[in-house]
Structures are given as structure tokens and as C-alpha cells.
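[1] Structural data only, the sequence is not supplied:
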């Protein structure tokens, strides 16, 4: 199927599901689209039991969409830039310690804790997955998804300081998570003997450090160009070129494209917004990127719901996924709590209930599914099982955590009054 055909179908489905959600269900748009697409997919699978050709056509269409390619090499750059564009840099600086701890040490702890727990849970259920691949699962499920988090926090009503903590962590932790994921995939496929501490450090510095530096350079160049003109048509086009070409440049030279886009977005959203844009330009840039954000989010969450067509569910693996939901939340609670307690002893003050909110606000989304799909075919059954478990956790995280986060924040704020 041609690219434009796939795009036309996805846009049409996203628009129809968004309409149904807004007209009748009235959930947050991303969650509503995902749940409707999930329900429609399940109904189509049921119909396919009686009309096999119907199910085969649907599976063929979903299988023709490379989810990993679509998200990691296309949509993610625009979504991260759009999200970073509205983060206040001064507020982020005030939360830099907790954001840095959770985006580095928190992700590392979660990777090994969840991976080890998964290994024993799979073993008890007689699902055979090598320990190295369980650690890969730990790495892909550890980072919170900035796309899911940003979309849900818009309606959650969190205090600005708390929103900045969650948003800041989610924007930066995927850079660390992806590096750990790539290292562990290398170990699982070629053996630990081919991976050294120096190679890991080199990869981290090259990808994460290089991505940050590239983001700074691209952001500065774009800032100077924006400052030299006052024409919102050209300025919107410059930001679009920055994201499209900048991300591809980063990926070509094996730098962290996500981190580059986050840093560039922070620069344009703060320094350029204050010093290089007229009010008319600010309004048009904001409107353009909000529209990009909404459209791509709609397609992304639609795809998450449709992915059920290509999954091979089995009862033991499904049970493992359900058990690993509270396990991943417990690990998140411990890692978040450790960071808060450590900084609390250093004199940092936090809102009461912050650990619970950080735990429940650690939403997993499309990035985890994309990384699971990117596991090499050489992993065999481990790839299939990890993808199913990842999908179960992501669906729970987006639907249950996403729908109840606002209520949890409201209760926490009420207790503080």
C-alpha cells in the first residue's frame, strides 16, 4: 500500500474517532482516540472469526505500517519540539536536580529492577526469556513517554512546579533510556564480551552529549535568523526546517535526535520567543505547532490502538503483563521516592504527595511500543512476548493512569489546603 494511501486512511480514522469522542464520549482526545481504536480493533477481530478475509485485510493494513519507523524517525521530532516549545526554561532550571536524577539514575535503576523482576515472573509462568532480553524490556519500559505525558498533563491541572518536574523528566529521560536500550540489545545479540565500559561511555557521550550540543547549535542559528526578520510566514517555515532537517542530521550522525529537538525547542520557546519574535509571530508559531502536536498525537494514539492486530497473545504472557503493571509502578515509586528523599535531605522542599503523583504520572506510551517493535528478529519468541507485555502496560498506563491522574492531583492539592 502506498504511503499516501496509508496516511489518508489513518487521518480519516483519527478524525472520525476524534469526532465520536468529542461528540459522545468526551474523554481527553488522545485517550479517547486510543480507546475507540482499541474497541474497534477488537470488534474487527471478532468479526474476523466469522469472515477470515475481513480480519486478514485489517492485519495486512496494520502490518504495512512500520510503527517504529513512523514514530522514532518521523513523528517524534515534531512532538518533542512542540512539547519543549512551551516549557518555561526558568522553571525547568529550578527543578533541574530532580529532573536530572530521575532522568538518569531513576531510569537506570528501573531498567535493572523491572528487568530482573520480569525474568523471575516469566520463569514462574514457564515463559522462557533469557535474562539479557528481560533487561532490554526493562530499558524500553523504564522511560516515561513525553508524548503521552504532555498530552495528558494539559488537562490534569497540576501545579506549575509539579508539571515541570514530570514534563522535564519525560522530555530528557528517553535519551538515557534509548542509549541503555541499545547497549543491552547489543549485549543480548552479541554477548557481553563484545561490550566494554569505554564503549558504553563513548556511546552515551556521543549520542546524549552530541545531541544536546547539536540542539544548542541549531537552536542558536535559528534564533539569530528569527531575530533578523519579522515575517511570521518565514519564521514558521524556519522552525519547521529546524526540526525536519535537524532531526535527520542527528540520526545520520548517530546523535540523539530526541535530545537535540528538546534543547532546540527550549531555546526557541524561551530565548527566541522573548527576544526574536513579534506578538503576531508568537501567536502564529504557537498555533502552528499546537496543530502539528494535536494531529500527530491523534495519529499516534490511533496506531497504538490498532497495533493489537499484529500481537500474538497467549495466556501466560498476558498474565505476566498484568503482573508487571504493579511491579513497574512499585519500581517507579521507589526510584521517584529515592530522588525526592535525597533532595529533601539537601534542603529541597516538595509538595506533599509529590511521590505518588510522580509515580502515577510516569506514563508509558508509544516510545515503549516502538522500541519493543525494534527488537531484532534474532530474539525469536522473546521479541513477541516482550511486545505483548509492553503493549499491556502501555494500554493500562495511558487509559487508567491517564484518566485518573487529574483526580489524584486534585485530591493531593485539596489535602494541602
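    Here it is on my side, so go on. What you see is a predicted model, and the numbers here were worked out from it, not measured in a lab. Numbering: from 1, shown residues only.

[2] low-scoring stretches of the chain, by residue?
    Within the chain, the stretches with pLDDT under 70 are 147, 151, 153-158, 192-197, 413, 416-417.

[3] Swap in 80 and give it another go.
    Residue ranges of the chain with pLDDT under 80: 1, 54-55, 145-163, 174-176, 179, 191-204, 346-353, 410, 412-417.

[4] That one - how does it break down into domains?
    Here the domain parsing of the chain from automatic domain parsing is 3-63, 67-416.

[5] Tell me which of the ones you listed is the most buried.
    Neighbour counts (mean count of other Cβ atoms under 10 Å) averaged over each of those peak at domain 67-416, with a mean of 20. Heads up, the C-betas are built off the backbone N, CA and C, glycines and all.

[6] For that one, what is the distance to the chain centroid?
    Averaging C-alpha positions (Cα atoms, centre = their mean, to the nearest Å) puts domain 67-416 4 Å from its chain's average.

[7] Now do the residue of the chain positioned farthest from its centre against residue 44, distance only.
    The C-alpha centroid of the chain is most remote from residue 50, which lies 36.6 Å away (Cα atoms, centre = their mean). Noted for residue 50: a distance of 11 Å to residue 44, by Cβ to Cβ, to the nearest Å.

[8] With residue 17 instead?
    Per Cβ to Cβ, residue 17 is found 14 Å from residue 44.

[9] go on, residue 123?
    With Cβ to Cβ as the criterion, residue 123 and residue 44 are 35 Å apart.

[10] Using the three-state scheme, assign the residue farthest from the centre of the chain.
    coil (DSSP: H, G, I helix; E, B strand; the rest coil).

[11] and it, backbone torsions?
    Residue 50 adopts backbone torsions of phi -100, psi -30, taken as degrees, to the nearest 10.

[12] Show the contacting residues for it.
    For residue 50, the contact set (Cβ atoms under 8 Å, 6 or more residues apart in numbering) is empty.

[13] That one and residue 41: what is the separation?
    16 Å.

[14] Same check on residue 361?
    Distance of residue 361 to residue 41, computed by Cβ to Cβ: 27 Å.

[15] Residue 118 now?
    26 Å.

[16] can you check residue 222 too?
    For residue 222, the distance to residue 41 equals 40 Å [Cβ to Cβ].

[17] Then residue 295?
    Taken as Cβ to Cβ, the span from residue 295 to residue 41 is 21 Å.

[18] could you pull out the helices for the stretch 51-200 of the chain?
    52-63, 67-70, 76-84, 89-94, 96-101, 107-124, 131-141, 146-153, 160-190, 197-204 (DSSP state H, counting those that start in this stretch).

[19] Can you add distance to residue 303 and give those back as TSV?
    TSV is the format used below for the helices of the stretch 51-200 of the chain (distance: least, Cβ to Cβ, whole Å):
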stretch	distance to residue 303
helix 52-63	8
helix 67-70	6
helix 76-84	13
helix 89-94	30
helix 96-101	29
helix 107-124	24
helix 131-141	17
helix 146-153	12
helix 160-190	18
helix 197-204	29
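
[20] out of the ones you listed, nearest to residue 321?
    helix 107-124 (9.6 Å; Cβ to Cβ).

[21] Can you name every helix or strand that the host helix or strand of residue 335 contacts?
    Using DSSP states H and E, residue 335 maps to helix 315-345. Under the contact definition 3 or more Cβ pairs under 8 Å, 6 or more residues apart in numbering; DSSP states H and E, helix 315-345 sits against helix 96-101, helix 107-124, helix 354-360, helix 381-396.
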